[in-house]
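Trainee: Generate coordinates for the sequence data below:
(4 chains)
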2 protein chains.
Amino acid sequence: MSKSTPIPVKAVGVSFEVVSALQQLGVAGVGELATHLETPKSTIHDHLRTLEELELVVNDNGRYRIGTKFLEFGGYARQRMKIYEVARPEIVKLAERTGEHANLMIEEHGQGVFLFKSEGTDAVQLDTYNGYRVPLQTTAMGKAILAHLPEERVRAVLDCHGMPQITDTTITSETELFEELEQIRKQGYARDREERVRGMRCVGAPVLKDGTVLGAISVSGPKSRMQGQRFDTEIPNHVLRTANVIEVNMAYA
Amino acid sequence: MSKSTPIPVKAVGVSFEVVSALQQLGVAGVGELATHLETPKSTIHDHLRTLEELELVVNDNGRYRIGTKFLEFGGYARQRMKIYEVARPEIVKLAERTGEHANLMIEEHGQGVFLFKSEGTDAVQLDTYNGYRVPLQTTAMGKAILAHLPEERVRAVLDCHGMPQITDTTITSETELFEELEQIRKQGYARDREERVRGMRCVGAPVLKDGTVLGAISVSGPKSRMQGQRFDTEIPNHVLRTANVIEVNMAYA
DNA sequence: CCAGGGCGTCCGACGATACCGGACAGGGGC
DNA sequence: GCCCCTGTCCGGTATCGTCGGACGCCCTGG
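Mentor: Residues are numbered from 1 along each chain as shown, chains lettered A, B, ... in the order given. Have a look, this model is predicted:
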């Protein structure tokens, strides 16, 4: 989890930075990437040629962008995950029943990774996409996951990634977080009150197996619809029921 | 499209091969990858450490697998595609209306890439996943795309990727293919009669803009349900109507 | 309990090669 | 037509990726 270790194969790291830069810039030319990464044009060009040959980036006459080969590797990795296979159809049903977005998240390298989402009929466009990463403590799903990790791992995660303030309700105090995690364990589900995106609220529940957490699911929607009775009992019940179904199906698989 | 050119940055190619091997093997250890790639253990180990540091692969105490970082890059690339944004909700509706799988494909590097699928209520499990690549001429969507590419590009694609026989109905003759493409242009949509997967049939239509093809959509299902009136007119009408909606919405965006 | 073989991991030296400065070609706009 | 700013190409040198070999671990079977 540290970034102090120099990686064995530097060139791969450079290519990785090029792709990461493309992720920030969307599309970019050689020169633009060179200045952005403070690396000579020719070096960037070498890497882009390589990545293009491997179909990892696409070249629209001089304008480069990330290719769909990443989607292939990533899609394959996701396909192989049991929790994805089991949860996916239940997530779809959950979105249909609530009319809101329903999501699946797992933890990887101390971050929350959105694995799948199903868009409810009433749902607004979200900023997340498959593979999108967020600090765990900023989402209901992430908090549901943290609540069921050993305390030392929670502290390690916080040490590694910090507790950045995203909105004005983001939890930035460690003691406050641990109190909330305790409460989440008691009531079985977690809430997110605009802690990552203003105007969005979320209800999340963990997916457990033999006491260890495999991931979490959630329903998210605009504050206007996520309040009162619906936010307090209706949505949580839907989420908990779905989580339970997934847990049962995981046990059989 | 050729693979004769030696790539500028060899090390990136090696890492790429490691990841590709992981895609074939699912999970594997250092030794296993070393023998599979006929490369010294230590070299593989170096690359795995690098890839792990970059969160591109995950290490479950000695067993390596592809990480979700690929999903992030790929998900980002997909998110940025206008055709994905526009087509996605229509694909979902198409799946609901027909009860079968509905799909979105684009062409990249002469191959067909599955960009998105929505699973109908009656749908059986598919072998495809996001980013999955297939030879264009083996699917209805691919043929719909080929039908609207310039003939020299079609020939270039066939030269580069060949016409492998996948099932006993796969098209392997160039003249036969060109005849079918002509027919597809006339009737506006394409059919797949178990040409890639035994027992599966498919109806696909292109998404066009100013005469150039942006991608294709399809409905696919088991032969038992994809026949007679339903296969001949009902499904094609749904597909064509959806393709038209997408084209109109693309024009506005 | 110990020997053996398999594993993942580490180390260090040599030589291939990635990096980068600089030169070139093409195209769009004053 | 000129200029500037693209993307592209080339070749030398110092770097760093490669690979043989050794280590320590775990599991298995004697």
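
Trainee: Number of residues surrounding the residue of the stretch 151-253 of chain A found nearest DNA strand C?
Mentor: Per C-beta to the nearest atom of the strand, residue A:156 is where the stretch 151-253 of chain A lies closest to DNA strand C, at 18.5 Å. Heads up, the C-betas are built off the backbone N, CA and C, glycines and all. By other C-beta atoms under 10 Å in any protein chain shown, the residues close to residue A:156 number 14.

Trainee: other SSEs contacting the helix or strand it falls within?
Mentor: Using DSSP states H and E, residue A:156 sits within helix A:151-161. Counting contacts by 3 or more C-beta pairs under 8 Å, 6 or more residues apart in numbering or on different chains; DSSP states H and E, helix A:151-161 is packed against helix A:174-187.

Trainee: And the contacts of the helix it packs on?
Mentor: A:137, A:143-144, A:146-148, A:151, A:154, A:158, A:163, A:171, A:190 (C-beta atoms under 8 Å, 6 or more residues apart in numbering or on different chains).

Trainee: what about 6 Å?
Mentor: If you take C-beta atoms under 6 Å, 6 or more residues apart in numbering or on different chains as the criterion, helix A:174-187 is touched by A:137, A:143, A:146-147, A:171, A:190.

Trainee: Check stretch A:82-93 too.
Mentor: Contact with stretch A:82-93 is made by A:78, A:102, A:104, A:115-116, A:118, A:214-215, A:242, A:245-246, A:249-250, A:253, as judged by C-beta under 6 Å, 6+ apart.

Trainee: Same check on stretch A:34-52?
Mentor: For stretch A:34-52, using C-beta under 6 Å, 6+ apart, the contacting residues are A:14-15, A:17-18, A:21, A:30, A:33, A:57, A:59, A:64, B:7-9, B:12.

Trainee: Among these, which ones are in strands?
Mentor: For the contacts of stretch A:34-52, the ones inside strands are A:57, A:59, A:64, with DSSP state E as the criterion.

Trainee: Show the buried residues in those.
Mentor: Neighbour counting by 16 or more other C-beta atoms under 10 Å in any protein chain shown classes A:57, A:64 among those as buried.

Trainee: could the ones in strands among the contacts of stretch A:34-52 be laid out in JSON lines, adding distance to residue B:123 and pLDDT?
Mentor: Shown next, in JSON lines, are those (distance: C-beta to C-beta, whole Å; pLDDT from 0 to 100):
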{"residue": "A:57", "distance to residue B:123": "33", "pLDDT": "94"}
{"residue": "A:59", "distance to residue B:123": "36", "pLDDT": "91"}
{"residue": "A:64", "distance to residue B:123": "37", "pLDDT": "95"}
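
Trainee: quick one: which of the ones in strands among the contacts of stretch A:34-52 is nearest residue A:26?
Mentor: Relative to residue A:26, the closest of those is residue A:64; by C-beta to C-beta it sits at 10.1 Å.

Trainee: Next up, the contacts around the closest one.
Mentor: A:48, A:57.

Trainee: which two of the contacts of helix A:174-187 lie the greatest distance from each other?
Mentor: So, those by C-beta to C-beta: farthest apart are A:147 and A:171, at 12.7 Å.

Trainee: Mind checking which of the two has more residues around it?
Mentor: residue A:147 (24 against 18).

Trainee: before we move on, the earlier item: take the contacts of helix A:174-187 and write them to a markdown table, including secondary structure, pLDDT and distance to residue A:40.
Mentor: What follows is the contacts of helix A:174-187, written out as a markdown table (DSSP: H, G, I helix; E, B strand; the rest coil; pLDDT from 0 to 100; distance: C-beta to C-beta, whole Å):
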| residue | secondary structure | pLDDT | distance to residue A:40 |
| --- | --- | --- | --- |
| A:137 | helix | 97 | 40 |
| A:143 | helix | 98 | 44 |
| A:146 | helix | 98 | 43 |
| A:147 | coil | 98 | 48 |
| A:171 | coil | 97 | 43 |
| A:190 | strand | 98 | 48 |
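
Trainee: Just the C-alphas of stretch A:199-217, formatted as PDB.
Mentor: This file holds the C-alpha atoms of stretch A:199-217, laid out as PDB (Å, rounded to 0.1, in the frame of the first residue of the first chain):
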ATOM      1  CA  GLY A 199     -27.700  16.400  -2.900                       C
ATOM      2  CA  MET A 200     -27.200  12.600  -3.000                       C
ATOM      3  CA  ARG A 201     -28.000  10.200  -0.100                       C
ATOM      4  CA  CYS A 202     -27.400   6.500   0.100                       C
ATOM      5  CA  VAL A 203     -28.300   3.400   2.100                       C
ATOM      6  CA  GLY A 204     -25.800   0.600   2.100                       C
ATOM      7  CA  ALA A 205     -25.500  -2.800   3.700                       C
ATOM      8  CA  PRO A 206     -22.600  -5.300   3.800                       C
ATOM      9  CA  VAL A 207     -22.500  -8.700   2.200                       C
ATOM     10  CA  LEU A 208     -20.900 -11.100   4.800                       C
ATOM     11  CA  LYS A 209     -19.700 -14.600   4.700                       C
ATOM     12  CA  ASP A 210     -18.600 -16.300   7.900                       C
ATOM     13  CA  GLY A 211     -18.100 -13.000   9.600                       C
ATOM     14  CA  THR A 212     -15.800 -11.500   6.900                       C
ATOM     15  CA  VAL A 213     -17.000  -8.800   4.500                       C
ATOM     16  CA  LEU A 214     -17.100  -9.600   0.800                       C
ATOM     17  CA  GLY A 215     -18.500  -6.200  -0.300                       C
ATOM     18  CA  ALA A 216     -21.500  -4.100   0.000                       C
ATOM     19  CA  ILE A 217     -24.600  -3.000  -1.800                       C
END
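
Trainee: Run the chain-centre distance for that stretch.
Mentor: 12 Å (C-alpha atoms, centre = their mean, to the nearest Å).

Trainee: just stretch A:178-188 next, same as before
Mentor: What separates the centre of stretch A:178-188 from the centre of its chain is 21 Å, taken as C-alpha atoms, centre = their mean.

Trainee: Report the mean per-residue pLDDT for that stretch.
Mentor: Averaged across stretch A:178-188, pLDDT comes to 97.

Trainee: With adjacent residues omitted, what lies nearest to residue A:26?
Mentor: Excluding its sequence neighbours, the residue lying closest to residue A:26 (C-beta to C-beta, 6 or more residues apart in numbering or on different chains) is residue B:80, at 6.1 Å.

Trainee: The contacts of stretch A:34-52 into a markdown table, with extra columns for distance to residue A:94?
Mentor: As requested, these are exported to a markdown table (distance: C-beta to C-beta, whole Å):
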| residue | distance to residue A:94 |
| --- | --- |
| A:14 | 42 |
| A:15 | 39 |
| A:17 | 38 |
| A:18 | 38 |
| A:21 | 37 |
| A:30 | 45 |
| A:33 | 41 |
| A:57 | 36 |
| A:59 | 41 |
| A:64 | 38 |
| B:7 | 45 |
| B:8 | 48 |
| B:9 | 45 |
| B:12 | 41 |
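
Trainee: Mind giving me the ChimeraX command for buried ones among those?
Mentor: Here is the ChimeraX command that selects the buried residues among the contacts of stretch A:34-52 (16+ other C-beta under 10 Å):
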select /A:14,15,17,18,21,30,33,57,64 /B:7,8,9,12
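
Trainee: Check the contacts of stretch A:34-52 and tell me the two furthest apart.
Mentor: Using C-beta to C-beta, the contacts of stretch A:34-52 span at most 19.6 Å, a distance reached by A:21 and B:7.

Trainee: Report the lowest-confidence entry in the contacts of stretch A:34-52.
Mentor: Pick the lowest pLDDT in the contacts of stretch A:34-52 and you get residue B:7, at 76.
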